[in-house]
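**Student:** Sharing a model that was predicted from the sequence below.
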Amino acid sequence: MGSTQRCVLSFVDLYKSSTNTRHLNLRELNEDEILRIAEAFSDIAKRYGLELVTCADNIDLSDFGIDHGHRIDPELIAQICGYNLDVMKDNNQRKECGCVESIDIGAYNTCCHGCAYCYANFNNDKVRLQSSRHINTSSLLTGEIQNDDVVKERKVCPLKSDGLF
């Protein structure tokens with residue numbers, strides 16, 4: 001079997017703050033459309049032996065073998081690490097999202113791939129500028145630490161649970 005075992009899907013939620021997708025004329029799907037897509041995706045997933053779950057969607061798709069899941073899944077992370085984690089739901093995400101707390105290591109307007117629907121890029125001029133500042137040997141995503149930069153260490157705590165795996 002291949003490397004992929006699980007596919008996490010989420011249906012479009014249009015954010016009022018997302019200006020870079022307005023020209024795409026996107027719209028949220030109605031329940032009928034979601035059910036038809038879920039059925040088709042479910043058939044494909046079964047054909048390839050993939051588990052299919054949703055994240056941040058309120059709709060029940062269990063009739064198609066699609067359960068609610070998480071993009072940042074504590075059970076999958078524990079399986080990979082070999083021990084349980086003492087983690088909480090990320091309160092910065094939507095109510096329907098079950099992802100656990102995480103730290104985003106990216107930065108807005110830095111990806112050169114140009115995906116039209118991306119919420120993280122909203123200024124192409126900034127993307128070009130940031131990309132031109134990339135240095136392979138730097139510890140930063142773009143540029144290098146300057147004399148007037150302020151570096152703050154993030155306080156982190158161990159998440160390893162005392163519970164048995």
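**Tutor:** Yes, it's here. Numbers count the residues shown, from 1 in each chain.

**Student:** Which other helices and strands does the biggest helix by length in the chain contact?
**Tutor:** If you go by DSSP state H, the chain has its longest helix at helix 31-47. For helix 31-47, the elements it packs on are strand 6-9, strand 51-54, judged by 3 or more Cβ pairs under 8 Å, 6 or more residues apart in numbering; DSSP states H and E. C-beta coordinates here come from the backbone N, C-alpha and C atoms, glycine included.

**Student:** Serialize those strands to TSV and add fields for mean neighbour count and mean pLDDT.
**Tutor:** What follows is the helices and strands packed on helix 31-47, written out as TSV (neighbours: other Cβ atoms under 10 Å; pLDDT from 0 to 100):
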stretch	mean neighbour count	mean pLDDT
strand 6-9	15	92
strand 51-54	20	94
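
**Student:** Of all the residues in the helix or strand bottoming out on mean pLDDT in the chain, which ones are buried?
**Tutor:** When each helix and strand of the chain is scored by mean pLDDT, DSSP states H and E, helix 74-81 comes last, with a mean of 88. By neighbour count on 16 or more other Cβ atoms under 10 Å, the buried set for helix 74-81 is 74, 77, 78.

**Student:** what residue ranges in the chain score low on pLDDT?
**Tutor:** Scanning the chain for pLDDT under 70 picks out the ranges 1, 15-20, 163-165.

**Student:** which ones are touching the spatially most central residue of the chain?
**Tutor:** In the chain, the residue lying closest to the centroid (Cα atoms, centre = their mean) is residue 71, at 5.8 Å. With contacts defined as Cβ atoms under 8 Å, 6 or more residues apart in numbering, residue 71 is in contact with 8, 10, 55, 99.

**Student:** Can you go through the residues you listed and name the buried ones?
**Tutor:** 8, 55, 99.

**Student:** so what's residue 41 up against?
**Tutor:** For residue 41, the contact set (Cβ under 8 Å, 6+ apart) comprises 7, 9, 52, 64, 66.
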